[in-house]
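Colleague: okay, here's the prediction I keep looking at, along with the sequence it came from:
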Amino acid sequence: MYVVTADQMRELDEYVIESWGVPSVSLMENAGKALAEEVLHLCQNRQSKEQTVNGNPLISTEARAAFDRWKGTRGQISNDAVLRGEKVCAEHWYILVGKGNNGGDGLVAARHLWEAGIGITLVFAGSPKELREEALLEYHTAESMGIPSILFTGQGDLTFAGGTGIIDALLGTGSKGAPRNTYASLIQAANGSGLPIISADIPSGLNADTGALYEPHIRAEMTVCFALLKRGLTQFPGADAAGHIKVRSVGIPPQLAEGRFRETVYLLTKDILSEKLKVDLTQRRAEDGHKGTYGHVLLVAGTLAMSGAGLLSCRAALRSGSGLATWALPSELLPHVIGAVPELMLAAAADGPQGTWNRVSAQNIIKLAESRDVIAIGPGLGRFEEDTAWLSQIYKEVDLPMVIDADGLNMLAEGGLDFFEHKRCRKAPVILTPHPGEMARLAGVSTKEIQQNRIDHALSYSAKTGVTLVLKGSRTVIATPEGNAYINMTGHAGMGTGGTGDALTGIIAGLLAQGYSAEQAAVFGVYQHGKAGETAAMMRAHPAGVMAGDLIEYL
Ligand SMILES: NC(=O)C1=CN([C@@H]2O[C@H](COP(=O)(O)OP(=O)(O)OC[C@H]3O[C@@H](n4cnc5c(N)ncnc54)[C@H](OP(=O)(O)O)[C@@H]3O)[C@@H](O)[C@H]2O)[C@@H](O)CC1
Ligand SMILES: [K+]
């Protein structure tokens with residue numbers, strides 16, 4: 001599933017209109033009809049819930065289904081079941097109409113809902129005479145049909161008297177900045193009404209490209225998004241304002257987006273994993289495979305105070321299927337962790353005071369890496385003198401697939417983009433796994449700026465440096481230097497707990513060890529990490545109780 005910006009959507013619109021001759025009024029018709037269908041579904045669901053007594057259906061749905069099966073369907077006549085809602089006459093929807101094409105979609109929906117018997121009041125944010133082209137035609141049709149309308153001037157309150165729902169067709173992909181004047185007042189009134197709001201394309205007040213929210217913005221129960229998902233709907237806080245999101249086709253085939261733009265953003269689904277990234281989700285192995293076949297991870301991590309980070313990463317690497325794992329750790333820490341993960345090999349590689357790292361150990365790491373397949377650096381590592389130079393030396397001299405996390409990222413941030421000046425001497429890929437705070441340090445901006453435009457920041461850093469970038473947080477974004485980005489949908493807020501990032505580093509390293517490409521390992525690793533977190537949540541009394549160690553057990 002492709003995820004596009006407002007400009008990309010406009011380009012695709014124009015392409016089908018100009019190159020294929022699809023009339024733009026047909027696109028608007030399809031959009032408005034899809035919107036009306038979703039409103040009708042909601043009304044019908046509401047009706048069927050009301051036909052129960054104290055929550056018990058008068059006739060159980062199982063009994064009804066059994067009877068319908070017995071009766072069969074031969075010779076039955078159905079009407080347009082979707083658009084001729086039964087018993088929807090008690091419904092009355094207010095449709096907020098802006099002056100662009102988003103408003104036009106609202107006007108089309110008004111016509112279909114009116115036809116289905118729903119009471120409608122159109123509320124114009126500005127004089128309908130300002131509407132243009134298709135939207136203006138739709139206005140004239142609605143007026144001829146006698147659909148009631150009011151012009152909201154901003155004077156007095158709009159109470160939505162007798163209303164049962166609101167369609168937000170104020171602002172779509174053509175909106176710029178915070179909603180102004182009557183638009184702002186209508187948004188505030190709609191949110192305050194307590195009625196369910198269904199947004200056309202995007203909730204008004206959302207930045208369609210970034211997911212940032214302006215004030216005020218609509219808080220929708222559902223958003224009916226047209227043709228292709230907009231980037232802003234996939235990232236928080238925008239995703240939260242959109243409510244349940246339904247993508248409906250309007251006559252612009254999504255596959256038009258493939259290879260068309262410099263950057264292609266995908267919603268991470270099983271299909272994307274198996275069809276685009278060619279990941280075998282069953283993870284089949286050759287019958288004659290052995291531990292040497294599935295790679296050896298070298299993890300450079302941990303101090304005495306943060307030994308758990310190393311343990312979690314190593315366990316995750318093994319659980320994700322790597323054949324072997326070695327943990328390079330400070331010598332003072334080693335005796336304390338013997339036997340904690342018996343499957344793991346331990347290598348004393350640093351002699352800093354109190355179980356910490358120091359700069360002399362770069363050579364030790366380079367030597368250890370000689371007989372390994374992947375190197376992962378960072379979890380619980382701490383900072384030490386001249387550590388950026390230490391990491392840079394390893395980066396230059398260890399040409400293995402490399403994952404850098406946590407303090408490794410802070411070292412890298414200190415080196416700035418100069419750190420990557422030696423990237424041409426590396427053939428093997430590098431994956432960075434920052435959380436938003438670490439990403440902010442890498443990019444030299446604030447955490448807030450990162451969070452307000454996660455997809456762009458991930459893509460641009462990846463393009464500049466040649467690394468595969470995993471920007472963590474809800475809806476993790478994985479960006480590749482070639483300009484692909486994937487938005488992960490697995491996982492849950494219960495995974496916001498210490499050590500889950502360390503586990504992710506281990507999973508990705510474990511996949512790299514088995515021969516997955518950087519893109520496959522980062523994307524599949526993030527997907528699996530979230531899935532394991534979901535399984536762990538289901539096995540506990542409450543998702544908030546999930547710990548990093550739990551999710552590793554469900555890999
Ligand atoms: N094209 C197609 O074929 C299809 C398009 N489709 C639909 O079209 C939508 C995009 O339509 P669009 O481009 O007309 O923009 P849209 O968001 O409706 O309104 C922009 C208007 O609002 C105004 N305005 C801007 N910012 C504002 C603010 N902050 N506060 C207040 N006002 C503000 C601005 O006025 P201006 O500032 O320029 O005076 C401008 O007139 C898209 O989301 C989808 O729903 C579907 O039907 C499928 C086919
Ligand atoms: K809208």
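Modeller: Perfect, thanks for sending it. Ligands and ions are numbered 1, 2, ... in the order given.

Colleague: for the closest residue to residue 213 other than its chain neighbours, what are its contacts?
Modeller: Leaving aside its chain neighbours, residue 213 sits nearest to residue 237 (5.2 Å; criterion: C-beta to C-beta, 6 or more residues apart in numbering). For the C-beta atoms, the positions are set from N, CA and C on the backbone; glycine is no exception. Applying C-beta atoms under 8 Å, 6 or more residues apart in numbering to residue 237 gives the contacts 211, 212, 213.

Colleague: and the closest residue to ligand 1 within the stretch 251-400 of the chain, how many neighbours?
Modeller: The minimum distance from the stretch 251-400 of the chain to ligand 1, using C-beta to the nearest ligand atom, falls at residue 252 (7.5 Å). Neighbour count for residue 252, taken as other C-beta atoms under 10 Å: 21.

Colleague: most surrounded residue in the contacts of residue 237?
Modeller: Among the contacts of residue 237, residue 211 has the most neighbours (other C-beta under 10 Å), with 26 neighbours.

Colleague: pull the contacting residues for residue 463.
Modeller: 481, 483.

Colleague: hmm, 10 Å instead?
Modeller: 262, 263, 469, 479, 480, 481, 482, 483 (C-beta atoms under 10 Å, 6 or more residues apart in numbering).

Colleague: before we move on, back to that, once you drop chain neighbours, what's closest to the residue of the stretch 251-400 of the chain closest to ligand 1?
Modeller: Closest residue to residue 252 apart from its sequence neighbours, by C-beta to C-beta, 6+ apart: residue 227 at 4.2 Å.

Colleague: residue 204: what secondary structure?
Modeller: Following DSSP: H, G, I helix; E, B strand; the rest coil, the label given to residue 204 is coil.

Colleague: re the thing from before, tabulate the contacts of residue 237 in TSV, adding columns for pLDDT.
Modeller: Below are the contacts of residue 237 laid out as TSV (pLDDT from 0 to 100):
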residue	pLDDT
211	95
212	95
213	96
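
Colleague: what's the burial count for residue 466?
Modeller: Residues near residue 466, counting by other C-beta under 10 Å, number 15.

Colleague: residue 104 contacts residue 122, doesn't it?
Modeller: No - Residue 104 is beyond contact range of residue 122, at 12.0 Å (criterion: C-beta atoms under 10 Å).

Colleague: who has more neighbours, the two?
Modeller: Legend: neighbour count by other C-beta under 10 Å for residue 104 and residue 122, higher for residue 104 (31 against 25).

Colleague: what helix or strand is that one on?
Modeller: Take DSSP states H and E as the rule and residue 104 turns out to sit in helix 101-115.

Colleague: and the helix or strand just after that helix, is it in reach of ligand 1?
Modeller: With elements assigned by DSSP H and E, the helix or strand that comes after helix 101-115 is strand 119-124. No - applying C-beta under 6 Å from any ligand atom, one finds strand 119-124 separated from ligand 1 by no less than 12.5 Å.

Colleague: for ligand 2, what is the nearest residue in the stretch 451-555 of the chain?
Modeller: residue 452 (20.0 Å; C-beta to the ion).

Colleague: where does the prediction get shaky in the protein?
Modeller: Confidence mapping of the chain against pLDDT under 70 gives the ranges 48-58, 77-88.

Colleague: what parts of it come near ligand 1?
Modeller: Contact residues, the chain versus ligand 1 (C-beta under 6 Å from any ligand atom): 13, 24, 27-28, 31, 98-105, 171-180, 183, 200-201, 226, 250.

Colleague: now whatever residue of the stretch 1-150 of the chain ends up closest to ligand 1. Nearest residue, chain neighbours left out?
Modeller: Residue nearest to ligand 1 within the stretch 1-150 of the chain: residue 100 (2.2 Å; C-beta to the nearest ligand atom). Leaving aside its sequence neighbours, residue 100 sits nearest to residue 174 (C-beta to C-beta, 6+ apart; 4.7 Å).

Colleague: residue 517 against residue 482, yeah?
Modeller: No - with contact defined as C-beta under 10 Å, residue 517 does not reach residue 482; the gap is 11.3 Å.

Colleague: more neighbours: those two, which one.
Modeller: When neighbours are counted by other C-beta under 10 Å, residue 517 and residue 482 differ, and residue 517 comes out ahead with 18 against 13.

Colleague: what's near enough to touch that one?
Modeller: Contact analysis of residue 517 by C-beta under 10 Å, 6+ apart lists 277, 278, 279, 401, 429, 468, 480, 511, 523, 524.

Colleague: if you set the cut-off to 8 Å instead, what comes out?
Modeller: So residue 517 contacts residue 429 (C-beta under 8 Å, 6+ apart).

Colleague: hmm, back to that, and the residue nearest to residue 252, how many residues sit next to it?
Modeller: 26.

Colleague: Provide the backbone phi and psi angles at it.
Modeller: Per-residue torsions, residue 227: phi 70, psi -70 (degrees, to the nearest 10).

Colleague: contact partners for it?
Modeller: By C-beta under 8 Å, 6+ apart, the residues touching residue 227 are 9, 12, 13, 31, 247, 248, 249, 250, 251, 252, 254.
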